[in-house]
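[1] Here is the input, now give the coordinates:
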Amino acid sequence: MWIVALLDAQTGFGATPFYQTKTVTVIQGRSAGGLGDVRVRTLVPYLQKYLPGNPQVVFEFMAGGGGIQAANHMAKVARRDGFTIANIASSIFAKALFEDPGVRYKLSDFVFLGAPSTGGPYGLVVRPSGPDTVEKLRTHKGLRIAERSVGHTMYNISRLIAFVLELPEPKWVVGYASGEIDFALERGEADAQSEVLYDFMKNKSQWLKNGFTLPIVLKNIKGRGPEAVPGFPKGTPTVDQYADTELKKEVLRLYYNSRPGGSVYFAPRGTPEPALEALRDAFNRIWSDPQFAKDYERMTAEPAEPLTGEEIERFFQQAPKDPKVETVMQQLIGAGPLPPRR
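    From the prediction side, this is the model:
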């Protein structure tokens, strides 16, 4: 009896589970709709299943700055009571590492809980009659690229593609919500946009029949490219094939080592340890649940390739520390012109 009482005091659970009758809020660093939101909604029933007390889960959406607004909120405003966690695209890591002026958080402000997948591979979708090969892209002046916001994961990806391919004078058209961005190409407001290939083949494969093309692919952090996506043309060129300078190779390496996972779950530092223990245990159970993996792939078309919080922490230790490369990356994820390629 004494041992049971001691354990209860340490964990805070006791006879009443910690989360029973409570509500957990997931701050999503995006607008509603889109692949990121689907990823979260697929996980929520499992979070309710594995958290002691089976709490209700609600969402709050903060789309500003490609997740910066949500990350700032988690660092400076969110209550540290165990009932607020976040899921934000991994672009927030690059923003912090490369000192974006809008960042008010440090990565040490967060306790990482993991990610359901590595994200990607990604492609640049080009409208019908647009430049449909890499060679045409590299000579097409002023390509208009539609994205959600400066700093959003997909914005960073299209900037990286444009940098490595040395596209001449590309222009970014930003400000689209997840449910609106497709219309930019269909209405002729833009020439291209970046896409997760799994999501594209699941929800927009008919675009290929309508004349849209994806002439270039960016591999994901595990090196998977077009061959990994069912139904996608296997011989599509990949960005790394055009990394013909040491600078481009180092920028790609830094990119991969600064964005673990497609979207990442975390709690604010200072969350009570009993709550953190429950959250870590719940997420680790989710990552190892084969039914979650099946549901995740069915809903997102992406394979579930979970990363634990500890694995995410290790990513940052592998990032190169070259000041020149870091300066280039700062310019890439910002709003100004692309940095010099050579």
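[2] Please make it C-alpha for all contacts and neighbour counts, starting now.
    Will do.
[3] give me the low-pLDDT residue ranges for the stretch 101-250 of the chain?
    The model of the stretch 101-250 of the chain has no residue with pLDDT under 70.
[4] so where do the helices sit in it?
    134-137, 153-165, 181-186, 197-203, 206-209, 246-257 (DSSP state H, counting those that start in this stretch).
[5] Using JSON lines, lay out those together with mean neighbour count and distance to G65.
    As requested, those are exported to JSON lines (neighbours: other CA atoms under 10 Å; distance: least, CA to CA, whole Å):
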{"stretch": "helix 134-137", "mean neighbour count": "16", "distance to G65": "28"}
{"stretch": "helix 153-165", "mean neighbour count": "24", "distance to G65": "10"}
{"stretch": "helix 181-186", "mean neighbour count": "17", "distance to G65": "16"}
{"stretch": "helix 197-203", "mean neighbour count": "20", "distance to G65": "23"}
{"stretch": "helix 206-209", "mean neighbour count": "13", "distance to G65": "29"}
{"stretch": "helix 246-257", "mean neighbour count": "19", "distance to G65": "18"}
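[6] Show me the one of those that comes nearest P121.
    helix 197-203 (5.9 Å; CA to CA).
[7] where does the closest residue in space to G34 that isn't next to it in sequence sit relative to E186, distance-wise?
    For G34, ignoring the flanking residues on the chain, the nearest one in space by CA to CA, 6 or more residues apart in numbering is S178 at 5.2 Å. Going from S178 to E186 by CA to CA, to the nearest Å gives 15 Å.
[8] Domains in the chain, by residue range?
    2-118+260-317, 122-257 (automatic domain parsing).
[9] Format these as TSV; extra columns: distance to T327.
    Listed next are the domains of the chain as TSV, based on distance: least, CA to CA, whole Å:
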stretch	distance to T327
domain 2-118+260-317	8
domain 122-257	10
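[10] Please put the alpha-carbon coordinates of stretch 138-146 into PDB.
    C-alpha atoms of stretch 138-146 as PDB (Å, rounded to 0.1, in the frame of the first residue of the first chain):
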ATOM      1  CA  ARG A 138      15.900  26.900 -66.100                       C
ATOM      2  CA  THR A 139      15.300  29.200 -69.000                       C
ATOM      3  CA  HIS A 140      11.800  30.500 -68.000                       C
ATOM      4  CA  LYS A 141      12.200  34.000 -66.700                       C
ATOM      5  CA  GLY A 142       9.900  35.200 -63.900                       C
ATOM      6  CA  LEU A 143       8.100  31.900 -62.900                       C
ATOM      7  CA  ARG A 144       5.300  32.800 -60.600                       C
ATOM      8  CA  ILE A 145       5.100  30.400 -57.600                       C
ATOM      9  CA  ALA A 146       2.000  30.300 -55.400                       C
END
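[11] For that stretch, buried residues please.
    143-146 (16 or more other CA atoms under 10 Å).
[12] Okay, strands next: where are they in this structure?
    Using DSSP state E, the strands of the chain run over 23-28, 56-61, 84-89, 110-114, 122-126, 144-147, 171-174, 192-196, 217-218, 263-268.
[13] and of those, who's closest to K49?
    Closest among the strands of the chain, using CA to CA: strand 56-61, at 10.3 Å.
[14] and the angle from that closest one to strand 23-28?
    30 degrees (axes from the mean of the first three to the mean of the last three CA atoms, to 10 degrees).
[15] Hmm, G36 and the residue nearest to G34 touching each other?
    No: applying CA atoms under 8 Å, one finds S178 not in contact with G36, separated by 9.4 Å.
[16] isn't Q56 right up against V26?
    No: under the criterion of CA under 8 Å, Q56 is not in contact with V26, lying 10.7 Å apart.
[17] And the two? Which one has more around it.
    V26 (22 against 16; other CA atoms under 10 Å).
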